[in-house]
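A.B. asks: Have a look at this prediction, sequence included:
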Amino acid sequence: MRIFTNLLIFTVAFWALLSCNLIRSFPESGHLPDQNIILFPLIDVKGEKVFIPVAKQMEMVDSVNKELLSNGKETIKIKHWCPCDSALVLLEGKNLDQLIISGKEMASSTGGGSGVSGEPPYGIKLNSDGSLTWPQLEEPGSKNYRLSLPYGPVNEPGKAVKVLLPPANPTDHPFIIAILDTGFDGSLYTPASNSFWVNTAEISGADHDHNGLVGDQFGYDFVNNASFPYDDNNHGTLVTSLIHEQFRNNPWAAGKVRFMHLKTFGADGQGTLFDNLCALSYARQMNAKIINASWGFYSQQESKLLGHFIQQLNTTGITLVAAAGNKNERLERNPLGWLTGIYRNLDTNPFWPAAISTTRDNVIAVTTIHSDSKESKANPAVSPEGPFDVCPNQNYSNHAVNIGVLNNPNLKVTGPIIPGCEVLDITATNGRTKSGSSFAAPVVTGKLVNKLGPGWSAHKRTDLYTKVRTLSPTTLKTDPSLTNRLKDHYVLRHEP
């Protein structure tokens, strides 16, 4: 009897520890070693907010190095400036990724500092706990996280032949959709080839508009610091096709909607937080209306810098649609075979920027759902009905994830599929399908633009929901079966 009792106690304790994440830890997304991202405030010069001069930034770095050297530490240096936002700086130094750099919290919802006070050493101090106090910084420093696309490369990288598209037809007052991804290849999806956003203030081979980027006529390649955002991975092209598919028969969209391609991921589907923050700043400066972010990173702690840049989007009236991320259901099974429900839940394993929807109302976090009904399981070709559940390879949260996309079940594919979880891969020639929250986010982006574009006047998600449901009641519906999976338990049907 005692053996049975002890075994029962051990089993209950083991399950409790596992459920509380005390046995298995959540692996954080990797970050680049020896790097840290900082943000200088804007300063007030004769009533105008301007960037701190580079000379002043270098002077501050010198003060940091004097403080580090006096404490027997390695020095640091500025590795990169964001070319279109010199307040955003990437630092480099031995073990710098482990150094906690404390700046001031954002002074208000609008951000922006009032100036840089004092003279060297500016109150910069290395504390007894090893952290660095740098009072002039806009926010605490951040690790330069390695970002991954929620779905890996959709094609072997480097196989496609680069196709330089002819200049798109510029339009007055375009409705700009910024896509931070792997770029675009017009040879793989020709319908959107003439929908490039055009920076009419720029000319080829020169920084004619003086924004720090040379030749950014049709977007920019932040990975290679190049003017043409060519897609050498295909992920960005597939994302673009899914956005475009939602309004391809809309005359207003054909004349006004333009894609701003900002390449922040390379051929391997990997990117960095620094490049994506820089691209977010660019999209805001260039008046994008909505941004598609089919990517992210896992971390138990929110990057204050990421939150700062998204709040800047919010203040400027820009919506960010973010993929909820992917995790395989098998990871959630404990040694006894039970589902713990912790790895795919953003409440316990946050995936950023999707998880920031809990504190920023201009962020819409999106996943893919499928029908859990017996009829749909028996016949994948029927129009799926509830109850619904989140696709088993994707994330969810009844606090952070807002919308579930239900894809068209009538796909002409071979092999078993989960109805509603797949999209057709237009970059392939064999009719294959793909699944991932990467491909749910662009459906929401495209649907919102299609339904609200001509009268677009809101950027907060609750206002957008209300407007869509008023104009098109069947586009966005709530379903009670998703109450424990999605915060807003909305179903958006992807049926072009």
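C.D. replies: Looks like it arrived, so ask away. Numbering: from 1, shown residues only.

A.B. asks: buried stuff in the helix or strand harbouring A254?
C.D. replies: Assigned by DSSP states H and E, A254 belongs to helix 251-256. By neighbour count, with 16 or more other Cβ atoms under 10 Å as the criterion, the buried positions of helix 251-256 are A253, K256. Glycine gets a C-beta too; all of them are placed from N, C-alpha and C.

A.B. asks: for the helix or strand that it is followed by, what is the average pLDDT?
C.D. replies: Using DSSP H and E, the helix or strand that follows helix 251-256 in sequence is strand 257-263. The average pLDDT within strand 257-263 is 96.

A.B. asks: next one: stretch 357-374
C.D. replies: The average pLDDT for stretch 357-374 rounds to 90.

A.B. asks: From F222, how far off is the residue nearest the centre of the chain?
C.D. replies: Closest to where the C-alpha atoms of the chain average out (Cα atoms, centre = their mean) is A293, at 3.6 Å. Separation of A293 from F222 (Cβ to Cβ, to the nearest Å): 14 Å.

A.B. asks: same question, F247
C.D. replies: From F247 over to F222 the distance is 27 Å, taken as Cβ to Cβ.

A.B. asks: and if you look at S397?
C.D. replies: Computed as Cβ to Cβ, the S397 to F222 distance reads 29 Å.

A.B. asks: How about K451?
C.D. replies: K451 is 31 Å from F222, where distance means Cβ to Cβ.

A.B. asks: which of the two has more neighbours?
C.D. replies: F222 (26 against 22; other Cβ atoms under 10 Å).

A.B. asks: Surely that one and D275 touch.
C.D. replies: Yes. The pair F222 / D275 is scored as a contact, 4.4 Å apart, by Cβ atoms under 8 Å.

A.B. asks: Overlap in contacts, the two.
C.D. replies: By Cβ atoms under 8 Å, 6 or more residues apart in numbering, F222 and D275 have these common neighbours: T264.

A.B. asks: Can you show me the CA trace of the helix holding A254 as PDB?
C.D. replies: Extracted C-alpha coordinates of helix 251-256, given in PDB (Å, rounded to 0.1, in the frame of the first residue of the first chain):
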ATOM      1  CA  PRO A 251     -10.800  48.000 -58.800                       C
ATOM      2  CA  TRP A 252      -9.900  50.400 -56.000                       C
ATOM      3  CA  ALA A 253      -7.100  48.100 -54.800                       C
ATOM      4  CA  ALA A 254      -5.700  47.700 -58.300                       C
ATOM      5  CA  GLY A 255      -5.300  51.400 -58.600                       C
ATOM      6  CA  LYS A 256      -4.300  52.400 -55.000                       C
END
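
A.B. asks: picking up where we left off before, show me whatever sits in contact with both of A293 and F222.
C.D. replies: Contacts common to A293 and F222, judged by Cβ under 8 Å, 6+ apart, are N276.

A.B. asks: all helices of the stretch 201-350 of the chain, in order?
C.D. replies: Using DSSP state H, counting those that start in this stretch, the helices of the stretch 201-350 of the chain run over residues 235-245, 251-256, 273-285, 304-316.

A.B. asks: tell me which strands and helices the third one is in contact with?
C.D. replies: Contact analysis of helix 273-285 by 3 or more Cβ pairs under 8 Å, 6 or more residues apart in numbering; DSSP states H and E lists strand 35-39, strand 77-82, strand 85-92, strand 175-181, strand 257-263, strand 290-293, helix 304-316 as its packing neighbours.

A.B. asks: Can you list the neighbours in contact with the fifth one?
C.D. replies: The reference is to strand 257-263. Contacts for strand 257-263 (Cβ under 8 Å, 6+ apart): 168, 171, 174-184, 192, 195-198, 218-224, 229-231, 236, 240, 243-244, 247, 279, 282-283, 286, 288, 449, 453.

A.B. asks: OK, contacts around H459?
C.D. replies: Each residue near H459 by Cβ under 8 Å, 6+ apart is listed here: K289, I290, N314, G317, I318, T319, N362.

A.B. asks: and these, which are buried?
C.D. replies: K289, I290, N314, I318, T319, N362.

A.B. asks: Apart from its chain neighbours, what residue comes closest to the second one?
C.D. replies: Leaving out its chain neighbours, the residue that sits closest to I290 by Cβ to Cβ, 6 or more residues apart in numbering is T319, at 4.6 Å.

A.B. asks: list the contacts for that neighbour?
C.D. replies: If you count contacts by Cβ under 8 Å, 6+ apart, then T319 has K289, I290, I291, L313, N362, V363, I364, L448, H459, K460, R461, L464 around it.

A.B. asks: Would you mind confirming that S299 makes contact with S29?
C.D. replies: Yes. Between S299 and S29 there is a contact under Cβ under 8 Å: 6.3 Å.

A.B. asks: which neighbours do the two share?
C.D. replies: By Cβ under 8 Å, 6+ apart, S299 and S29 have these common neighbours: Y145.

A.B. asks: So between those two, which is more surrounded?
C.D. replies: Set S299 next to S29 and count neighbours by other Cβ under 10 Å: S299 wins out with 21 against 16.

A.B. asks: how about that one, what does it touch?
C.D. replies: E28, S29, Y145, P350, W352.

A.B. asks: do G30 as well
C.D. replies: The neighbourhood of G30, defined by Cβ under 8 Å, 6+ apart, consists of Y145, R146.

A.B. asks: what about 7 Å?
C.D. replies: Contact analysis of G30 by Cβ atoms under 7 Å, 6 or more residues apart in numbering lists R146.

A.B. asks: Tell me how far it lies from N144.
C.D. replies: According to Cβ to Cβ, G30 and N144 sit 10 Å apart.

A.B. asks: before we move on, what about L180?
C.D. replies: To N144, L180 is 16 Å away according to Cβ to Cβ.

A.B. asks: With adjacent residues omitted, what lies nearest to E74?
C.D. replies: Counting by Cβ to Cβ, 6+ apart, E74 lies nearest to K94, which is 4.1 Å off, once chain neighbours are set aside.

A.B. asks: What of G446?
C.D. replies: Closest to G446 by Cβ to Cβ, 6+ apart is Q246, at 2.8 Å.

A.B. asks: Retrieve the pLDDT associated with the one you found.
C.D. replies: 93.

A.B. asks: so how far is I291 from it?
C.D. replies: 16 Å.

A.B. asks: more crowded one of these two?
C.D. replies: Using other Cβ under 10 Å as the criterion, Q246 and I291 rank with I291 on top: 27 against 21.

A.B. asks: What's opposite the more buried one in the beta bridge?
C.D. replies: Taking DSSP bridges as the rule, I291 bridges to A178, L320.

A.B. asks: any idea how far it is from K460?
C.D. replies: From I291 to K460 the distance is 14 Å (Cβ to Cβ).

A.B. asks: now L32
C.D. replies: The gap separating L32 from K460 is 34 Å, by Cβ to Cβ.

A.B. asks: more crowded one of the two?
C.D. replies: L32 (19 against 16).

A.B. asks: Next, the contact list for that one, please.
C.D. replies: So L32 contacts N144, R146, T272 (Cβ under 7 Å, 6+ apart).

A.B. asks: pLDDT value on it, please?
C.D. replies: Per-residue pLDDT puts L32 at 94.

A.B. asks: I'd like the distance between it and C278.
C.D. replies: Distance from L32 to C278, counting by Cβ to Cβ: 15 Å.

A.B. asks: can you list the weak-confidence ranges in this structure?
C.D. replies: 1-28, 105-118, 150-169, 328-341, 373-384, 409-419, 495-496 (pLDDT under 70).

A.B. asks: got the domain boundaries for it?
C.D. replies: 35-144, 175-494 (automatic domain parsing).

A.B. asks: gap between the two ends of the first one?
C.D. replies: Using Cα to Cα, to the nearest Å, the span of domain 35-144 from its first residue to its last is 6 Å.
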